[in-house]
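Visitor: I'll drop the sequence and a predicted model, then ask my questions.
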Amino acid sequence: MVGITYTIMTSPLGRILVARNAEGLTCINFQDGTEAVSPQAGWRERASDLADATAQLEAYFRGELQQFEIPLAPYGTTFQRQVWQTMRAIPYGQTLTYAELARRVGRPQAARAVGGASSCNPLPVVVPCHRVVGSDGSLTGYAGGLHLKQALLDLERGKQP
């Protein structure tokens, strides 16, 4: 596999673009959300390269998978990657505030920076930024739209989308 390959899968929340490079997943994007991205010049459509990732996403949407086992290769700063890695430890069906996530990252005064890193997460669902909420428990910011964040939280609470 050379460069980036991608596929667009269908989910209960609409179409999802899934892309990877030789190391792992680089992009998951809700195509019917508020911030859809298009395949970039040079990307090749090749569903077979993403078969494991799409199978795991499908199992997640059926409520059968809680922990993803997919190689990841997100592009981001060292701080962003640290935040994304810490997000992966938030248990399925639970939420965490941005302030608590900042504490877990070792930067207790950096809740806003953690929020910024969360908003740049290129791998939603697999890196569960939907599980991060405001200090009062309210839903705040989600690249695909708050309706998708709510739908993912509902799914993890046993309500099928």
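Guide: Now that the structure is in, tell me what you want to look at.
Visitor: which residues in this protein form strands?
Guide: For the chain, the strands defined by DSSP state E cover 5-11, 14-20, 25-30, 44-45, 96-97, 132-133.
Visitor: Pull out the buried residues from the second one.
Guide: When burial is assessed from 16 or more other C-beta atoms under 10 Å, strand 14-20 yields the following buried residues: 16, 17, 18, 19, 20. All C-beta atoms are positioned from the backbone trio N, CA, C, and that covers glycine.
Visitor: Apart from its neighbours in sequence, what residue is nearest the third one?
Guide: What it means is residue 18. Nearest residue to residue 18 in three dimensions, chain neighbours excluded: residue 50, at 5.0 Å (C-beta to C-beta, 6 or more residues apart in numbering).
Visitor: what's the one you found in contact with, if anything?
Guide: When contacts are counted by C-beta atoms under 8 Å, 6 or more residues apart in numbering, residue 50 touches 5, 6, 7, 9, 18, 19, 20.
Visitor: Next: residue 99.
Guide: Shown in contact with residue 99 (C-beta under 8 Å, 6+ apart): 108, 111, 135.
Visitor: Pull the contacting residues for residue 36.
Guide: By C-beta under 8 Å, 6+ apart, the contact list for residue 36 reads 17, 29, 30.
Visitor: between these, which is nearest residue 37?
Guide: The closest of the contacts of residue 36 to residue 37 turns out to be residue 29 (C-beta to C-beta; 4.8 Å).
Visitor: Quick check: bridge partners of the closest one?
Guide: residue 17 (DSSP bridges).
Visitor: Now do it against residue 91, distance only.
Guide: Distance, residue 29 to residue 91, by C-beta to C-beta, to the nearest Å: 25 Å.
Visitor: on that earlier part again, same list, the buried residues of strand 14-20, but as a markdown table with distance to residue 38 and pLDDT please.
Guide: Below are the buried residues of strand 14-20 laid out as a markdown table (distance: C-beta to C-beta, whole Å; pLDDT from 0 to 100):
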| residue | distance to residue 38 | pLDDT |
| --- | --- | --- |
| 16 | 13 | 96 |
| 17 | 8 | 97 |
| 18 | 14 | 98 |
| 19 | 11 | 97 |
| 20 | 16 | 97 |
